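Colleague: My questions are about this predicted structure, shown below with the sequence.
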Amino acid sequence: MLDMAFGKYEMNRVAIGVVGLNADALAFYRKIGFKQEGIQEQGYYYNNEYSDFIMMRILRQEWI
């Protein structure tokens, strides 16, 4: 998907949001080069529980 975003669609930046409770997803995105930009503290509510919402991004120059 990132190859397509940066190659075919010539995007410069891809941003995502990840629920803080999802430690596996956070580790994966960091491993492939995403960097944390900010946190919405208790910005996600599910199943009677609040969690932080982590904003992440990767730039074309960091992917290629």
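Modeller: In hand now; what should we look at?

Colleague: all helices of the protein, in order?
Modeller: 2-3, 23-31, 60-63 (DSSP state H).

Colleague: so where do the strands sit in this protein?
Modeller: 13-19, 35-46, 49-59 (DSSP state E).

Colleague: Pick the most deeply packed of the ones you listed.
Modeller: strand 49-59 (a mean of 16; mean count of other Cβ atoms under 10 Å). Every C-beta, even on glycine, is put in place using the N, C-alpha and C of the backbone.

Colleague: what's next to it, contact-wise?
Modeller: 2, 12-21, 26, 29-30, 32-45 (Cβ atoms under 8 Å, 6 or more residues apart in numbering).

Colleague: same thing but at 7 Å, please
Modeller: Strand 49-59 is contacted from outside by 2, 12-21, 26, 29, 33-44, using Cβ atoms under 7 Å, 6 or more residues apart in numbering.

Colleague: any idea how far that strand is from the chain center?
Modeller: Put simply, strand 49-59 sits 6 Å off its chain's centre (Cα atoms, centre = their mean, to the nearest Å).

Colleague: Now it: average pLDDT?
Modeller: Across strand 49-59, pLDDT averages out at 97.

Colleague: Sheet partners, orientation included, of it?
Modeller: According to DSSP bridges, strand 49-59 forms sheet pairs with strand 13-19 (antiparallel), strand 35-46 (antiparallel).

Colleague: Can you lay out the ones you listed as TSV showing mean pLDDT and distance to Met55?
Modeller: TSV is the format used below for these (pLDDT from 0 to 100; distance: least, Cβ to Cβ, whole Å):
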stretch	mean pLDDT	distance to Met55
strand 13-19	98	6
strand 35-46	97	5
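
Colleague: Turn those into CSV, columns for distance to Arg60.
Modeller: Below are these laid out as CSV (distance: least, Cβ to Cβ, whole Å):
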stretch, distance to Arg60
strand 13-19, 7
strand 35-46, 13
